[in-house]
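Undergrad: Give me a 3D structure for the following:
(one chain, ligands or ions: 2)
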Amino acid sequence: MKVTAVNCAEQKDSGQPVPNPLAPIREMVSACIQCGTCTGSCPNAFAMDYTPRAMWRMVLSGETEAIFESQTFMVCSACYYCTLRCPRGLPLTDAMAALKRIAAQQDLANHRRSVRFYQAFMESIRKHGRVHETEFMARYLISMKNPVLALQFTPLGMKLMAKGKLNIGSPAKGTFRLEAIFRKARELEEPK
Ligand code: SF4
Ligand code: SF4
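TA: Numbers count the residues shown, from 1 in each chain. Ligands and ions are numbered 1, 2, ... in the order given. Sure thing, here's the model as predicted:
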């Protein structure tokens, strides 16, 4: 598995033990009693390959390969419903976000599309205060370096344009000041 392979290579080069990236997440869900309330509450569970309850079981069992082959954490829309309802009060949405961060940091191939899509989306919001659809899609497609991918989106783009849902004008500049909010979020997300 790529996650393990990357860590092993670092360990070999430096001679220092490398922290297991799953360790903090295991800590977050260590009190899970497998009651299934998170799965029963999750509006996206139907689209997940492993339910949230199963994901926490896999985290506790250290099934790194299966965890990062799964799309479960990418399908999480951070609605916080599971976090609110977990009888053990576990930070489940944060745990899903931590799995997303590992996949992004390690540039795992099977999560690259989701990660690049999310990054392009957020960059557009940071710059303009809202998503500028055409600029956002241009950013995403350039970051993927795959000309065939653009063709896949053409029918959808045509439909949206026909309904007047695509903003093709120049994006507004300097109207919104979200930089401070993004900076603060970055500070909060940095490992202590
Ligand atoms: S709701 Fe909480 S305790 Fe129950 S399975 Fe989910 S994480 Fe575990
Ligand atoms: S935060 Fe994610 S995992 Fe939890 S209920 Fe919402 S979509 Fe499901």
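Undergrad: helix/strand/coil for the residue nearest in space to the middle of the chain?
TA: Note on the chain: the residue nearest the mean C-alpha position is K100, at 3.8 Å, using C-alpha atoms, centre = their mean. Here K100 is helix, with the state taken from DSSP: H, G, I helix; E, B strand; the rest coil.
Undergrad: pretty sure it is touching F73, no?
TA: Yes: between K100 and F73 there is a contact under C-beta atoms under 8 Å: 5.3 Å. Just so you know, the C-beta spots here come from the backbone N, C-alpha and C atoms, and that holds for glycine as well.
Undergrad: for this structure, what spans make up the helices?
TA: 2-14, 23-28, 37-41, 52-61, 64-69, 72-75, 81-85, 92-105, 112-128, 133-144, 147-162, 179-189 (DSSP state H).
Undergrad: Of all the ones you listed, which one is nearest I168?
TA: Of all these, the one in closest proximity to I168, counting by C-beta to C-beta, is helix 133-144 (5.2 Å).
Undergrad: So which residues on the protein come close to ligand 2?
TA: 41-42, 44, 52, 76-82, 92-93, 96 (C-beta under 6 Å from any ligand atom).
Undergrad: JSON lines please, covering these and showing neighbour count and pLDDT.
TA: Formatted as JSON lines, these follow (neighbours: other C-beta atoms under 10 Å; pLDDT from 0 to 100):
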{"residue": "S41", "neighbour count": "18", "pLDDT": "97"}
{"residue": "C42", "neighbour count": "24", "pLDDT": "98"}
{"residue": "N44", "neighbour count": "15", "pLDDT": "97"}
{"residue": "P52", "neighbour count": "28", "pLDDT": "98"}
{"residue": "C76", "neighbour count": "22", "pLDDT": "97"}
{"residue": "S77", "neighbour count": "13", "pLDDT": "95"}
{"residue": "A78", "neighbour count": "11", "pLDDT": "96"}
{"residue": "C79", "neighbour count": "13", "pLDDT": "97"}
{"residue": "Y80", "neighbour count": "13", "pLDDT": "97"}
{"residue": "Y81", "neighbour count": "18", "pLDDT": "97"}
{"residue": "C82", "neighbour count": "26", "pLDDT": "98"}
{"residue": "L92", "neighbour count": "28", "pLDDT": "98"}
{"residue": "T93", "neighbour count": "20", "pLDDT": "97"}
{"residue": "M96", "neighbour count": "25", "pLDDT": "97"}
